[in-house]
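1. fold the following and give me the result.
(2 chains)
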Number of protein chains: 2
Amino acid sequence: MDYAVLGKRTPKIDGVAKATGSARFSRDMILPRMLYGWILRSPYAHARILNIDTSRAAALPGVKAVITGRDTAGVKFGVFRETRDQYALPIDIVRYIGDEVAAVAAVDEDAAQEALELINVDYEVLPAVFDPLEAMRLGAPLVHEGVDRNISAHVLIQFGDIEEGFREADHVREDHFETANISHSTMEPYAATASYDPSGYLDVWVPNQGPFMRRRALSNTLKLPLDNVRIHKVHIGGAFGGRSEMMSCEFCASLLSMKTGRPVQIAYTREETFTCTRQKHPFIVDIKTGMKWDGTLTARQYRVIADGGAYLNTGPITISDSFAIALASYRFAHVRYEASRIYTNKGVRGAMKGQGSQQLRFAEDSQLDMMANDLGLDPIEIRLKNAVEPNEMLLNKSRVTSCGLKETIRESAAAMKWEKPSQKTTRDGRGKGAGISAMISGFSMGIRTSSSSFIKFNEDGQITLLSGTVDNGQGNETMVAIIAAEELGIPVEDIRVVNADTTLTPQDPGSYSMAATFVSGNAARLAAADAKRQLLEIAAEKLEANPADLDIRDKRIFVKGSPGKGIGLKDVVWAGLASGRPVLGKGHYQPDLAFMDTVHGKIEGQVTGAYTFGATVAEVEVDRETGRVDVTKVAAAHDCGRAINRMAVEGQIDGSVVIGQGQVFSEEMRWDGGQCLNASYTSYGLATALETPQVLPIIVESDDPNGPFGAKEAAETINIAIVPSLANAVFHAVGVRIQSLPISPEKVLGALESCKAL
Amino acid sequence: MDYAVLGKRTPKIDGVAKATGSARFSRDMILPRMLYGWILRSPYAHARILNIDTSRAAALPGVKAVITGRDTAGVKFGVFRETRDQYALPIDIVRYIGDEVAAVAAVDEDAAQEALELINVDYEVLPAVFDPLEAMRLGAPLVHEGVDRNISAHVLIQFGDIEEGFREADHVREDHFETANISHSTMEPYAATASYDPSGYLDVWVPNQGPFMRRRALSNTLKLPLDNVRIHKVHIGGAFGGRSEMMSCEFCASLLSMKTGRPVQIAYTREETFTCTRQKHPFIVDIKTGMKWDGTLTARQYRVIADGGAYLNTGPITISDSFAIALASYRFAHVRYEASRIYTNKGVRGAMKGQGSQQLRFAEDSQLDMMANDLGLDPIEIRLKNAVEPNEMLLNKSRVTSCGLKETIRESAAAMKWEKPSQKTTRDGRGKGAGISAMISGFSMGIRTSSSSFIKFNEDGQITLLSGTVDNGQGNETMVAIIAAEELGIPVEDIRVVNADTTLTPQDPGSYSMAATFVSGNAARLAAADAKRQLLEIAAEKLEANPADLDIRDKRIFVKGSPGKGIGLKDVVWAGLASGRPVLGKGHYQPDLAFMDTVHGKIEGQVTGAYTFGATVAEVEVDRETGRVDVTKVAAAHDCGRAINRMAVEGQIDGSVVIGQGQVFSEEMRWDGGQCLNASYTSYGLATALETPQVLPIIVESDDPNGPFGAKEAAETINIAIVPSLANAVFHAVGVRIQSLPISPEKVLGALESCKAL
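-> Now for the predicted structure:
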């Protein structure tokens, strides 16, 4: 297909603003008369608040308001009505070190911080529990009263007959894996600015992945009509799932603004951003898989325990969706999946890039490699043999549409000139090897709420595109602009995107779980198509032609058969205005999907609009003396459907590899009981530019029947695939199999030494 | 008709914000790192700029940029392409005291003002002309080279045979009238804030009556793509026509922001607001009218000279439209109208409430009263006899649709218990009398560009209404909200109006010449109707009914025949969202009108969507010792079509009376050559609350076939009628006829003494 705009390398439309510093993030919202807010946090992992005396704090000069849980409406927040177990400002019990106790607004940061020290809180310290396995024991302290054995969520999903599946197998293995407690590590620390107007309107600037969802949470908890809460668009310095839920930050800023009648900004420290927003669930996975001699999978059984921290909220998604996605990579007829999410007195775990998939697939694909090794099968062949195919119906009756899984396996292997797994030795004596992993993601293109867009034409043929879509930094604004530009035959520069503002823009599900391109992109395309229809009708009169015979390209409408016969777009827009037909498009899109009851693990039916696929082949060098692993080269092939913007897709592939690398080898929040020991970038272990390998991004373009121009999503798959492929590479390099993340030098060295000892 | 929302007394939706001070006007836009701008102005009425040395100013600490005409693109601005004769920052010639010479941006106001003093300008002073009659003489100095006798615009319009008309008359009179140079006297001084982003986007906050027109002017003069200029909505502290055109203020603020990369605010002083924005054209009117013995008008001839000041721009509208409106009040078959607009070296005259009508109708209706007096006819009867009727075709082939002119005459007279003109004497010896005037206005409901609106429903049944309409303070935001609320069966509180933002809202002609209710109101209604259709379709499925049998009221959709059978609006909106049908309305409206070529005085065909009418009866007391006139009571009856909001209509009537009173008795900008002597509120002569008479507002509801719910406009007619009715009242009180405005104590006293002398 010959596209004018689509599929090129288009710089992000907010690129200059970000590069020059003019882009405004939530902390840049400096409003006249603004107050600064700080939050007092619990020093105890579990305690009852007996009394809070705020009188001395309130009396401090410069302090304008002090609030505690008693000043709130006492409404718990959360995405699902039935999983709401957290107050934005706790009233009686605090459940982790950092849990909110009170908040202060003052004329400057110094006064606010000083006021925190003047708040006197009487606590009754309660017994706490930090390890999920301990927490599940009978008699363990309960993080939430009445929640048996601290199981905050539990799902059991079965297809086929698991026992029969294992009977059919020639080889069965059972392995244990563990993943780390990881931070989203957004470069922007969390911050919110709120301004309440005496007319009853609340304006909020806060980094968020879904302004409409955030509006609902604030409306519910603050007891304000939905219409009176406006979430403004701000630039967002990273999200990765961690900016899905409301935080105490914007709730307290809003309530303090309502109390004082002045704007209030609360900016979290890096430590607060680490420990008091959200983190990734660490998983304990026991996985048992059956296989024929030829590598054909017959059955798989999972037992998953996820450490959820102090509250629940989106927790069920992490344990349900991760399995639903698993059904769409390798084919097997019999499966049993049981997962529990456990409360502990630690920071709250929530959604993160891949929603549990990364954790689960580390176990699955490591084990697959181990079984191939057991049976002497080729790691590529075993994946190709079991990989799902286009148009395949999955066990949960969800159909795969487009599917480039096998191509991604073949192309990533080809790019790395993969032959066989082999241990090599570098000139300086390090072990060298490569591992592969193939992955599915792109799950929540099944988001069931629709996105809509409006388009309005300026008199000179430029447009404003009103879209609810959020841009967390991945380029969604540019994505919808390219889609509209392609449909309307205009350049991207002629499009002004207004997005992610609950008052201005139509409803949108938010930029969660890869919904943006598929859902919001389709909505933008349909709005553009509506406007295009109007343009062609007006042009048809001018050209004395049938609208059906016309098309637009390069700001010109022409007769398809005789391109010399045409009229400039601007003239058509003017003609429309002059005759009372301003060109105004609207479009909305919602995939026709089954309801997936995540909370109860009901995942049957068509649960997503599309699935995306990817594979990575990673090459590592392992220093046998220190255990240090260097990633030298990664080929990452991604079936993203049609690439709307090749530059953005490649950027997402690059980023997913680099982020994954840090998550595999170094990232981990370490705890002493309820105290996080390394909530800072100096000690947390993010991978930096120095460790970045050569990345070969490969775009596999399947043409999805339902995606906008055939597009699906870009990013998440590679960030999932990279994890087991690196673990597999370490095995192929030095023969040790590390089954818990991170694969730290200590673990590698320990494993190498154990091997030697054997 | 039984309306749920319409026709009630609805407080303005921005009322609380304005009353509490949270509403943000352009000067309230305090942006981070903002600079303050000041403009250097010419001390000469006419001069050539030989050289400008800005080096000392630029070197002053704190000064970030200095610009002169040489730094601009040298593009003249204006509404009509052919009447553009003004640079936003003059390059070579300055033409009035106050004309712009240079502009400075600095870190604070002090530095900016000091910098102005350091700019060295070499002028060659040129001969100047200040009186329009002198300016028209051959050999007079030319304000603009090549413009013969300083005639900046000239129109000659004739219908019938004027000589024949006078031959048919039994009584012919010729009189001379003069009106004053008046300021719009907006309570908010003029100010603009501009912020240019390195990405190429310019954000501007400026009081304006039409953001889309302002965007075009800035785009043209700054050479920026239209799409890159965004005029934001701000609250506006009064407009009255005076905020129609672009000013040097926002141009310089924008250019300085582009030069410095920082936001720049320029706020005019009260003196600058008086002399360097726009003023009302003073008219010299020679009017000759023919009448039968019974009062039937036969012919009228006008010769008008308007003092236009230094530049032209919208000037032709003032002399053309004023006459086009005149055709729709009293019927006559023969008319000749000739008007010239003259350049003088004084501040620029532009559009003002009534667009020349007030000036012309002062002459017409004063003379009508004089002729009634000459012939012993009753002032009421003579007006009723000649008044146009509903569905009458006017001389220019423009048809009157709804017309309550006679009702307004009768009802205002009845309210004042009018019997006959009579001179009474108060107990303290003052002369007392009442005068009447009946008026037409509502002209530019014929604006030919369309307005459009978008509506989006929140999930709980509240809406955002996106409309281009501007609210200058008269309540247009509330007006569109009421219209949408009535159509959708929801309360006004459930509507959030987003308006007057060129990037966000669809195109709108602006709040000029009473277009807002008729054009923007219709667009809002059509968008609401579109949304309503969608709601009824979704509800029809739920109720198993035909959409045509359904209606909405009080947030509930019900079967018309059996109102017990219904469903809540919120449930319908949710059902729509759940089934991929978000409720999104769009509507646009443009009256089907002939093109009125204002510049050339071509006014034939249907030139307006509707005409509005009004009459005022005013009672005054005149102190024969001092010449002071007190207005004691005014009945003002206004045919506004259907009253959308009775409180707003009554407010407009009150305001129009009070403003008119000041304009009649005290307001006048006085000049010594090119120097305005009283550009301040202490000396200008605004009427204050102390002088406010009792006002009896009377709403005459004609039901216009084309207006939204039958509405037309509210305000302008009364501000026109009040002027001659007060002049007539003075005559009936003490027998003196003042033919030049203002009717100052000096003039009254002089006339009384002349009478005595006779």
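2. give me the residue from the stretch 201-350 of chain A nearest chain B.
-> A:Asp227 (3.6 Å; Cβ to the nearest Cβ). (Each C-beta comes from the backbone N, C-alpha and C, glycine too.)
3. okay, that residue and B:Ala539: tell me how far apart.
-> Distance of A:Asp227 to B:Ala539, computed by Cβ to Cβ, to the nearest Å: 21 Å.
4. so for these two, which residue has more residues nearby?
-> Between A:Asp227 and B:Ala539, counting by other Cβ atoms under 10 Å in any protein chain shown, B:Ala539 is the more crowded of the two (27 against 22).
5. helices and strands around the strand or helix carrying A:Arg300, which ones?
-> In this structure, A:Arg300 is located in strand A:297-309 according to DSSP states H and E. Where contact means 3 or more Cβ pairs under 8 Å, 6 or more residues apart in numbering or on different chains; DSSP states H and E, strand A:297-309 is packed against helix A:132-135, helix A:162-168, strand A:283-291, helix A:315-326, strand A:334-343, strand A:349-350, helix A:357-375.
6. make JSON lines out of those and add distance to B:Met187 and mean pLDDT.
-> Output for the helices and strands packed on strand A:297-309, formatted as JSON lines (distance: least, Cβ to Cβ, whole Å; pLDDT from 0 to 100):
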{"stretch": "helix A:132-135", "distance to B:Met187": "66", "mean pLDDT": "98"}
{"stretch": "helix A:162-168", "distance to B:Met187": "79", "mean pLDDT": "98"}
{"stretch": "strand A:283-291", "distance to B:Met187": "65", "mean pLDDT": "98"}
{"stretch": "helix A:315-326", "distance to B:Met187": "55", "mean pLDDT": "90"}
{"stretch": "strand A:334-343", "distance to B:Met187": "61", "mean pLDDT": "98"}
{"stretch": "strand A:349-350", "distance to B:Met187": "52", "mean pLDDT": "96"}
{"stretch": "helix A:357-375", "distance to B:Met187": "61", "mean pLDDT": "95"}
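7. thought A:Arg246 was touching A:Leu89?
-> No Arg there; residue A:246 is Met. No: assessed by Cβ atoms under 8 Å, A:Met246 is found out of contact with A:Leu89, at 11.7 Å.
8. neighbour-wise, which of those two wins?
-> A count of neighbours by other Cβ under 10 Å puts A:Met246 above the other of A:Met246 and A:Leu89, at 25 against 22.
9. the more buried one belongs to a helix?
-> No: counting by DSSP: H, G, I helix; E, B strand; the rest coil, A:Met246 is not part of a helix but coil.
10. what is the closest residue to A:Asn386 other than its chain neighbours paired to in the beta sheet?
-> Using Cβ to Cβ, 6 or more residues apart in numbering or on different chains and skipping the chain neighbours, the partner closest in space to A:Asn386 is A:Tyr330 (3.9 Å). Per DSSP bridges, the residues bridged to A:Tyr330 are A:Ala387.
11. where's A:Tyr330 relative to A:Val129, distance?
-> For A:Tyr330, the distance to A:Val129 - Cβ to Cβ - is 36 Å.
12. just A:Asp321 next, same as before
-> A:Asp321 is 26 Å from A:Val129, by Cβ to Cβ.
13. how about the strand holding A:Arg300: buried residues?
-> Within strand A:297-309, the residues that qualify as buried are A:297-309, counting by 16 or more other Cβ atoms under 10 Å in any protein chain shown.
14. cool, and stretch A:408-415?
-> Quick answer for stretch A:408-415 (16+ other Cβ under 10 Å): A:408-413, A:415.
15. contacting residues for the residue in the stretch 351-500 of chain A that chain B sits nearest to?
-> Closest approach between the stretch 351-500 of chain A and chain B, counting by Cβ to the nearest Cβ: A:Gln462, at 3.6 Å. Taking Cβ atoms under 8 Å, 6 or more residues apart in numbering or on different chains, we find A:Gln462 in contact with A:490, A:494-496, B:225-227.
16. out of these, who's nearest B:Gly750?
-> B:Leu226 (55.0 Å; Cβ to Cβ).
17. for A:Gln474, give me phi and psi.
-> Phi and psi for A:Gln474, reported as degrees, to the nearest 10, are phi -80, psi -10.
18. wait, A:Val649 sits on A:Cys640?
-> Yes: here A:Val649 lies in contact with A:Cys640, judged by Cβ under 8 Å, at a distance of 5.5 Å.
19. what sits in contact with each of these two?
-> The contact sets of A:Val649 and A:Cys640 overlap at A:699, A:714 (Cβ under 8 Å, 6+ apart).
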